[in-house]
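Visitor: Build me a structure from this.
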Amino acid sequence: MATQPLNRVKSADIELKDKLVAVNRVTKVTKGGRTFSFSAIVVVGDENGIVGHGLGKAKEVTEAISKGIDDAKKNLIQVPILHGTVPHIQKGKFSGARVLLRPASEGTGVIAGGAMRAVLESVGVHNVLAKSQGSSNPHNVVKATINALSQMRDAVSVAKQRGVDLDKVFNG
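Guide: Predicted coordinates:
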């Protein structure tokens, strides 16, 4: 079964804000002793439906973060947002991490944990109920959340895909 391509976006003229999700110190043991380096996972988004994630590795924390931001700008996707929330319930999975996103009414806020919260705030969702199940590894949780968001579809895209009017999507 072939997977459909993600709705990718170019980052040329979009004002992106970055959020640092996690920094990890990595140690490599050599015959001369231990060598430390850092890996940073970063989420970027315009808070209006565009989000991406990236991983940067370097000897310095700031350099790892900037590499992560550059990587995130290469992995942007477009997400439909309906009245400040997600259009429908959606599950996402990556490796051992599973996430559940539910639409929420106005005034609820972002009910989500650390790594998921960073992704949802970067994409511009203001009201959502989210649950992270399985692995709590920030890398996998971010990728599972992006997976769930990439599967979101609004009514207009469903109507276009089915080749019917918008009214027929809701009235059957």
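Visitor: can we go C-alpha only for contacts and neighbour counts from here?
Guide: Fine.
Visitor: which SS state does the residue positioned nearest the centre of the chain fall under?
Guide: Centrality entry for the chain: nearest residue to the mean C-alpha point is Ile146, 3.3 Å, by C-alpha atoms, centre = their mean. What DSSP: H, G, I helix; E, B strand; the rest coil gives for Ile146 is helix.
Visitor: Kindly report the same for Pro80.
Guide: When the rule is three-state DSSP, Pro80 gets the label coil.
Visitor: Could you do Val23 as well?
Guide: Val23 - assigned by three-state DSSP - is strand.
Visitor: surely it meets Ser37?
Guide: No - here Val23 does not reach Ser37: they are 10.4 Å apart, not a contact under C-alpha atoms under 8 Å.
Visitor: quick one: contacts for the nearest residue to Glu47 once chain neighbours are set aside?
Guide: For Glu47, ignoring the flanking residues on the chain, the nearest one in space by C-alpha to C-alpha, 6 or more residues apart in numbering is Gly124 at 3.7 Å. Residues in contact with Gly124 (C-alpha atoms under 8 Å, 6 or more residues apart in numbering) are Gly45, Asp46, Glu47, Asn48, Gly49, Ile81, Gly84.
Visitor: Need phi/psi at Gly124.
Guide: With angles defined as degrees, to the nearest 10, Gly124 sits at phi 100, psi 20.
Visitor: that older thread, now pLDDT, neighbour count and distance to Asn137 too, for the contacts of Gly124, in CSV please.
Guide: Output for the contacts of Gly124, formatted as CSV (pLDDT from 0 to 100; neighbours: other C-alpha atoms under 10 Å; distance: C-alpha to C-alpha, whole Å):
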residue, pLDDT, neighbour count, distance to Asn137
Gly45, 94, 29, 21
Asp46, 93, 17, 25
Glu47, 90, 18, 24
Asn48, 91, 17, 26
Gly49, 91, 19, 25
Ile81, 92, 21, 26
Gly84, 90, 20, 27
